[in-house]
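Enquirer: The following block contains a protein sequence and its predicted model.
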Amino acid sequence: KNEVEQSPQNLTAQEGEFITINCSYSVGISALHWLQQHPGGGIVSLFMLSSGKKKHGRLIATINIQEKHSSLHITASHPRDSAVYICAVRSEETSGSRLTFGEGTQLTVNP
Amino acid sequence: DAGVTQSPTHLIKTRGQQVTLRCSPKSGHDTVSWYQQALGQGPQFIFQYYEEEERQRGNFPDRFSGHQFPNYSSELNVNALLLGDSALYLCASSLVGSGYGYTFGSGTRLTVV
């Protein structure tokens, strides 16, 4: 079992829909990251969370430390949101700043 | 303020050859981490360099080695290339003690034929 599990693996939505991507992890963490990866490979950091909730534009990220679960929400989705969204955690048990990644969720938003 | 720069962007090598990938961290960052991302999978940690030393290493064979220079830039070397080494290699930089914020490069796409 992977330390970081994401669901769903693939998600297709119509423009304007509310989208939720989930991330569960099995280790104690010091931080959780949500990342966006476009075709071609470049990764952009969206959020870094250690507790609670963060919002940036149409994106909202929440984390429940007790349940070891985080969600990324996209409101009023748009075709330009189409990308792979990846959850990554920094474990409390490892020194340094290595990240452990989920396998990503491929989001396609159709016009 | 330049972000993370990786070179080359694409590379094709033959089995058994050696390859060197390069990474310049974001200005002000002192730590460089390397990740391998196979097609359709999440990135896997290779190793991390800080103060010109390898500080952490993932589950990768000794064929994978690296270096960090005094200007914080880094190289990833892979010897005796295998077909399975074909992947996107990502570099991420950060600053020790800054709260774990990372900046990623666009990656080097390595194809081994």
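Expert: Good, I have the coordinates.
Enquirer: Outside of the strand or helix carrying B:V32 itself, list whatever touches it.
Expert: Here B:V32, judged by DSSP states H and E, is contained in strand B:31-37. The contact list for strand B:31-37 (CB atoms under 8 Å, 6 or more residues apart in numbering or on different chains) reads A:41, A:97-99, A:101, B:23, B:25, B:43-50, B:55, B:60, B:66, B:68, B:72-74, B:76, B:87-96, B:102, B:107. Quick note: C-beta positions are derived from backbone N, CA and C, even for glycine.
Enquirer: redo that, cut-off 7 Å
Expert: Applying CB atoms under 7 Å, 6 or more residues apart in numbering or on different chains, the contact partners of strand B:31-37 are A:97-98, B:23, B:25, B:43-50, B:66, B:68, B:72, B:74, B:76, B:87-96.
Enquirer: Now list the buried members of the residues you listed.
Expert: Among those, those scoring as buried are A:97-98, B:23, B:25, B:43-50, B:66, B:68, B:72, B:74, B:76, B:87-95 (criterion: 16 or more other CB atoms under 10 Å in any protein chain shown).
Enquirer: Select from those every entry located in strands.
Expert: Secondary structure from DSSP state E places B:23, B:44-50, B:66, B:68, B:74, B:76, B:87-94 of those in strands.
Enquirer: can you list the weak-confidence ranges in the chain?
Expert: You didn't say which chain, so I picked chain A. Within chain A, the ranges that satisfy pLDDT under 70 run A:1, A:93-96.
Enquirer: wait, I meant chain B there
Expert: For chain B (pLDDT under 70), the answer is B:1-2, B:98-100.
Enquirer: Quick check: the residue nearest to the spatial centre of it vs B:L90, distance?
Expert: Central residue of chain B (CA atoms, centre = their mean): B:W34, 3.2 Å from the mean position. Taking CB to CB, to the nearest Å as the measure, B:W34 falls 7 Å from B:L90.
Enquirer: Over to B:G107?
Expert: Counting by CB to CB, the gap from B:G107 to B:L90 is 5 Å.
Enquirer: what does B:E75 give?
Expert: B:E75 is 14 Å from B:L90, by CB to CB.
Enquirer: next one: B:S27
Expert: On the measure of CB to CB, B:S27 and B:L90 end up 19 Å apart.
Enquirer: Equivalent analysis for B:F69, please.
Expert: 19 Å.
Enquirer: what do you get for A:L72?
Expert: From A:L72 to B:L90 the distance is 20 Å (CB to CB).
Enquirer: would you say A:F47 is within a strand?
Expert: Yes. Counting by DSSP: H, G, I helix; E, B strand; the rest coil, A:F47 is part of a strand.
Enquirer: was I right about it contacting A:K54?
Expert: Yes. Assessed by CB atoms under 7 Å, A:F47 is found in contact with A:K54 at 5.1 Å.
Enquirer: Name all residues that sit in contact with these two at the same time.
Expert: A:A61.
Enquirer: in chain A, which spans are strands?
Expert: Counting by DSSP E, the strands of chain A are A:4-7, A:10-14, A:19-25, A:29-37, A:43-49, A:52-56, A:59-64, A:69-74, A:83-91, A:100-101, A:105-110.
Enquirer: Indicate which one of those is closest to B:L82.
Expert: Of all the strands of chain A, strand A:100-101 sits nearest to B:L82, with 22.1 Å by CB to CB.
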